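Chemist: Here is my input, please return the structure:
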Amino acid sequence: MKSFVLFIGLSLPSLILHAQDRSLPGYIVRVSGDTLHGFLKEQGTDEATRRISFKAAESDVDYQIFTPSEVKAFQYDGGNLFRAITFSDTRRDQPVTLTFYANLLVTGEYDLYNFTEDDVLFFLVRKENSFYLMFDDDLRSVPGIKGNFRNELNFFAGSCDAVRQGVENADYSTESMIRFFQKLDDCLNPGKAVATYNYHQKVKIKAGLFAYVGGISFGNYAQLTVEARLRVTLNQLMPGVSFNLGYRYAEVMKKHFQNPYYLVAPNFNHETWQIKSIPLTIQYNFTRGIVQPYVYGGVSLCSENIVTDNPELYLGTYNPYLNSYAVAFLFGAGVEVRLAHFLWSRAEWRYETMAQYPTVGLAVTLP
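Modeler: Here you go, the predicted model:
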């Protein structure tokens, strides 16, 4: 068992490095108009919004980092095309001018782009020289800000009644927005070809470290939890789903009543359950914004130790996990709230060999 834990610890850094440093052929276009062909670092959608990493040859060790002020467009060979777009962020009371790399999806009477910020999906629509920002009306994605995408779609549809009738049933997704603007262009310019630039990328495996420390205390009942794990996501294939493998330690402190039905002068003992496990879980996050409720389930190799002021309580009691490892099923639910790019507050409840107490604490994700 110790060798298995050691293997996980030694493997995590190399797995993360391999997942983060893949380069793909492509090109960049400088603001001067010069086009350079080479290799682009495969990076997350948030990272692609702000910069692009480029190297002339695949064998080169270091990347050159470019921002929208230096490179106005880039594209992966056979992949998506990104352009530097300057627009007014209208989500706040005082609009702010921003410049991001956005992914071109459709060109026609309207040009459609998308980008993500803090894992939240946004759309930009260009009409002549004006850009319109669209965001979801799900307050869990952009807390406290009412979404505008259906109002904007109604505005774009104009006199195209057949297109406008589908606005209320429109889904806030890349595929749905592409279909909408394809139909809109067909209505506004019948017979004119509409160019679509959305390429289905190969599934990207993103790996990162996750560490959590949390606890709760109420009277003689308390719990402390420490957890570290490898988190793997396949965002293009299964958004919101992550696969997790790691190590977890929990101390569950409670009373053990010798006779729970005798209430006149109940006798009880204090006991602490020390639960060590190597869990393999699948987690689903319902949203991808600042507030992310989630559920999960899986299996683990689990071991328990009981510290009590009355060791005779469990003499002769069968427990397959007591001082030895055995397979256990687990499930749980909770909510994560982003405090910073790498820091989260987290509340979680879990069942693993027993119904554990909910804990509240802080989690760190790298990268």
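Chemist: Just the helices from this structure, written as ranges.
Modeler: All helices of the chain, identified by DSSP state H, fall at 2-20, 45-50, 149-157, 161-164, 174-188.
Chemist: show me where pLDDT drops low in the stretch 1-150 of the chain?
Modeler: 1-22, 43-46, 137-146 (pLDDT under 70).
Chemist: Enumerate the strands of it by residue range, in sequence order.
Modeler: 23-30, 35-41, 52-55, 64-66, 71-76, 81-89, 96-107, 111-117, 120-127, 130-134 (DSSP state E, counting those that start in this stretch).
Chemist: Make sure Ser324 is actually in contact with Ser303.
Modeler: Yes - between Ser324 and Ser303 a contact is recorded at 6.1 Å, counting by CB atoms under 8 Å. In short, each C-beta sits where N, CA and C put it, glycine included.
Chemist: Out of those two, name the residue with the larger neighbour count.
Modeler: Comparing Ser324 with Ser303 by other CB atoms under 10 Å, the one with more neighbours is Ser303, at 20 against 11.
Chemist: give the contact list for the more buried one.
Modeler: Neighbour list for Ser303: 275-277, 321, 323-326 [criterion: CB atoms under 8 Å, 6 or more residues apart in numbering].
Chemist: now, which of the residues you listed sits nearest Asn154?
Modeler: If you rank these by distance to Asn154 using CB to CB, Ser277 comes first, at 51.8 Å.
Chemist: Looking at the strands of the stretch 1-150 of the chain, which one is packed in the most?
Modeler: strand 111-117 (a mean of 22; mean count of other CB atoms under 10 Å).
Chemist: what residues does that strand touch?
Modeler: The contact list for strand 111-117 (CB under 8 Å, 6+ apart) reads 45-46, 49, 83, 85, 100-106, 121-126, 174, 177-178, 181.
Chemist: Can you tell me the number of residues neighbouring Gln165?
Modeler: Gln165 has 10 neighbouring residues, counting by other CB under 10 Å.
Chemist: oh, I was asking about Leu339
Modeler: Other residues near Leu339 come to 12 when the count uses other CB under 10 Å.
Chemist: With adjacent residues omitted, what lies nearest to it?
Modeler: Ser345 (5.8 Å; CB to CB, 6 or more residues apart in numbering).
Chemist: thought that neighbour was touching Gly334?
Modeler: No - counting by CB under 8 Å, Ser345 does not reach Gly334; the two are 10.6 Å apart.
Chemist: who's more crowded, the two?
Modeler: Gly334 (19 against 14).
Chemist: tell me the pLDDT at the more buried one?
Modeler: pLDDT recorded at Gly334 is 95.
Chemist: That one is in contact with Trp344, isn't it?
Modeler: No - applying CB under 8 Å, one finds Gly334 not in contact with Trp344, separated by 10.7 Å.
Chemist: on that earlier part again, okay if I get the strands of the stretch 1-150 of the chain as CSV plus distance to Ala170?
Modeler: Shown next, in CSV, are these (distance: least, CB to CB, whole Å):
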stretch, distance to Ala170
strand 23-30, 32
strand 35-41, 32
strand 52-55, 31
strand 64-66, 35
strand 71-76, 28
strand 81-89, 21
strand 96-107, 15
strand 111-117, 13
strand 120-127, 11
strand 130-134, 11
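Chemist: chain center to stretch 288-303: distance?
Modeler: Chain-centre distance of stretch 288-303: 12 Å, with CA atoms, centre = their mean, to the nearest Å.
Chemist: For that stretch, buried residues please.
Modeler: Neighbour counts over stretch 288-303 (16 or more other CB atoms under 10 Å) mark 288-290, 292, 294, 296, 298, 300-303 as buried.
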